[in-house]
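Enquirer: Okay, here's the prediction I keep looking at, along with the sequence it came from:
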Amino acid sequence: MIQDKQLVLRPATHRPIAVIGVLLIGTLVALLGGCAAMHGSADVYQRGEAAYYARSFDGRRTASGERFDSNRLTAAHRRLAFGTRVEVTNENNGRRVVVTINDRGPYTRGRIIDLSRRAAEKIGMIRSGVAPVTLRVLD
């Protein structure tokens with residue numbers, strides 16, 4: 001005599017394809033949410049060390065052709081276009097300044113930007129001479 005076997009259906013607890021699908025959807029939602037949060041705000045462009053021009057550069061021509069003035073909020077950068085406005089944040093104290101790129105440099109290894117004296121004063125780096133900074137391109 002053959003007995004009927006009862007078929008029991010149990011939900012699968014581990015379905016690899018379903019798990020991967022949920023992870024992909026979650027990742028997509030997180031990425032889209034992050035993009036929406038960043039829209040309209042400046043992204044970190046570069047981190048590194050900043051220094052500032054000596055007063056002896058006052059009156060000399062910059063690479064953009066204008067005369068250097070240590071009392072203006074200007075800076076030198078190797079690649080950014082002349083006229084680009086950059087927010088520079090001193091990582092040691094959180095102070096910020098917006099400068100306009102009007103020269104090329106710095107040419108000292110490890111440095112990413114040279115600031116005018118006035119810009120260096122605004123972020124509190126005159127005594128140290130150099131400071132770790134974060135650059136954000138504004139336009």
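Expert: That came in fine, so what should we check first?

Enquirer: Residue 80 touches residue 99, doesn't it?
Expert: No: here residue 80 lies out of contact with residue 99, judged by C-beta atoms under 8 Å, at a distance of 10.4 Å. The way it works is simple: take the backbone N, C-alpha and C, and place the C-beta from them, glycine included.

Enquirer: quick one, which of the two is more surrounded?
Expert: More crowded of residue 80 and residue 99, by other C-beta atoms under 10 Å: residue 99, with 26 against 19.

Enquirer: can you pull the contacts of the nearest residue to the more buried one once chain neighbours are set aside?
Expert: Among residues not flanking residue 99 along the chain, residue 75 sits closest, at 4.2 Å (C-beta to C-beta, 6 or more residues apart in numbering). Going by C-beta atoms under 8 Å, 6 or more residues apart in numbering, residue 75 touches 86, 88, 99-103, 113-116, 119.

Enquirer: Mind telling me what element residue 75 is part of?
Expert: Here residue 75, judged by DSSP states H and E, is contained in strand 74-76.

Enquirer: And the average pLDDT for that strand is what?
Expert: Mean pLDDT, strand 74-76: 97.

Enquirer: Also stretch 105-120?
Expert: Mean pLDDT, stretch 105-120: 94.

Enquirer: Pass me the low-pLDDT residue ranges in this structure, would you?
Expert: 1-42 (pLDDT under 70).

Enquirer: Quick one: mark the members of the contacts of residue 75 that sit in strands.
Expert: 86, 88, 99-103, 113-115 (DSSP state E).

Enquirer: Relative to residue 136, which of those residues is nearest.
Expert: Distances from residue 136 to the ones in strands among the contacts of residue 75, taken as C-beta to C-beta, are shortest for residue 86 (6.8 Å).

Enquirer: ok, now how distant is the closest one from residue 63?
Expert: 16 Å (C-beta to C-beta, to the nearest Å).

Enquirer: So between these two, which is more surrounded?
Expert: A direct count of neighbours by other C-beta under 10 Å for residue 86 and residue 63 places residue 86 higher, at 24 against 12.
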